[in-house]
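K.L.:
give me a model of this one.
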Amino acid sequence: MKFDIFKGKRVFITGHTGFKGSWLTLWLHQLGAQVYGYSLPPPTVPSNYELSKVSSLLAGEWIADIRDREQMKKALLACQPEIIFHLAAQPLVRASYREPFETFEVNVMGTASLLDAVRSSGKPCAVICITTDKCYENREREEGYSEEDPMGGYDPYSASKGAAEILIASYRRAFFNPETLQKHGVQLASARAGNVVGGGDFAEDRIVVDLVKAIQSGETLNVRNPQAIRPWQHVLEPLSGYLSLAEKMISAPSPQWCEGWNFGPKQESEKTVGELVDLFIKEWGSGNWEDISSPYHLHEARILRLKIEKAKKNLAWTPTWSFDEMIQRTANWYRQMKTVSPQQLCLSDIKAYSF
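P.N.:
Reported below is the predicted structural model:
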């Protein structure tokens, strides 16, 4: 299996009760890592965290708010992590319109809380902060965004992630400067991924989640923006990117890893929302949808693409699964979740991806 280097490593994950965090915990546990989690309770009912019994796999766990600076410091002191993956966030665009202040507070000051706890600890470690492809100032251009493009954001969620990237860069320069890495020992990077799908996601306003609910209830799915192009990818694709980056940080500590990194899909996976819905319905064998696009809906980006040449060249990372396989495996997970252990469904996908 790939990533054997994580065996026995102490890994601290914020947001481990969430969709991506639960999958990352499962994968690292399979690799033999000692995984510690810090997060609020699962954001949905059901959740992959509960269904896949993630809590039973942890070496330690804190159900707490990332904005609680003292609790965060205590958790890091107890864990003494060698690697930190920061995924805890308010991750939904439309929710950010309802709760803009909380979105900025969680995504920006929550990140500051973690990084300040790392600063206070004075302990060497590798830190990867997960943001999003939406952190870039979106000009609605056909060309993909590279790591050097400016940060921005129209909606509060996107803007909060752009702001988080600026905060991360500040901490990197001011406290964890790559030029003095040998002195402080903290490698700080950020990772930006596309629109992630996969089994175990139950969040609101997720197209696949809403589609599965509609199919199972025999209802027609209302699609707000069917012509919008997104960089779709199975959840294991960006997670493998995060692990690839962490692997480099552990095996060969260097200033070159202390930067922002894109982990997007293959170009053929940059499809419209309508194309994704059509293929999922075809794979499932039933379902239908209706275009309810309107100029009066809340603003959402029309087109968004990522350039991933940097990760390909420097990390030897590349997307693995095709758009079709992503859809097939996701549909299969939801079809079988009531008859097969969800944890086993996740581990089966991880095994298939890793070999």
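K.L.:
mean confidence for whichever helix in the chain runs longest?
P.N.:
Secondary structure of the chain per DSSP state H: the longest helix is helix 156-174. Averaged across helix 156-174, pLDDT comes to 98.
K.L.:
next, the buried residues of stretch 176-190.
P.N.:
By neighbour count with 16 or more other Cβ atoms under 10 Å, stretch 176-190 contains the buried residues 176-178, 181, 184, 186-190. Any C-beta I mention is one placed from the backbone N, CA and C, and that applies to glycine too.
K.L.:
for Glu283, give me the pLDDT.
P.N.:
In this model, Glu283 carries a pLDDT of 96.
K.L.:
so which residues of the stretch 51-200 of the chain form strands?
P.N.:
60-63, 83-86, 125-130, 186-193, 195-197 (DSSP state E, counting those that start in this stretch).
K.L.:
pick the most buried one from these.
P.N.:
Comparing the strands of the stretch 51-200 of the chain by mean neighbour count (mean count of other Cβ atoms under 10 Å), strand 83-86 comes out on top with a mean of 26.
K.L.:
what packs against that one?
P.N.:
Identification of packing neighbours for strand 83-86 by 3 or more Cβ pairs under 8 Å, 6 or more residues apart in numbering; DSSP states H and E yields strand 10-14, helix 110-121, strand 125-130, helix 236-251.
K.L.:
which residues touch the second one?
P.N.:
Counting by Cβ atoms under 8 Å, 6 or more residues apart in numbering, helix 110-121 makes contact with 14, 65-69, 72-73, 75-77, 84, 86, 88-89, 125, 127, 129, 164, 167-168, 171, 175-176, 186, 188, all of which sit outside it.
K.L.:
then stretch 159-178?
P.N.:
89-90, 96, 103-104, 106-108, 111-112, 115, 118-119, 127, 129, 131-132, 134-137, 151-153, 184, 186-188, 190, 255-256, 258, 260.
K.L.:
among those, name the buried ones.
P.N.:
89-90, 96, 103-104, 106-108, 111-112, 115, 118, 127, 129, 131-132, 134-136, 151-153, 184, 186-188, 190, 258, 260.
K.L.:
which stretches of the stretch 151-300 of the chain aren't confidently modelled?
P.N.:
Flagging of the stretch 151-300 of the chain using pLDDT under 70 yields the residue ranges 295-300.
K.L.:
90 instead, please
P.N.:
194-195, 204-205, 224-225, 227-231, 266-270, 292-300 (pLDDT under 90).
K.L.:
neighbours of Lys351, how many?
P.N.:
Neighbourhood size, Lys351 [other Cβ atoms under 10 Å]: 11.
K.L.:
make CSV out of the strands of the stretch 51-200 of the chain and add distance to Ile350.
P.N.:
Formatted as CSV, the strands of the stretch 51-200 of the chain follow (distance: least, Cβ to Cβ, whole Å):
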stretch, distance to Ile350
strand 60-63, 21
strand 83-86, 16
strand 125-130, 18
strand 186-193, 17
strand 195-197, 15
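K.L.:
I am finished for the moment; much appreciated.
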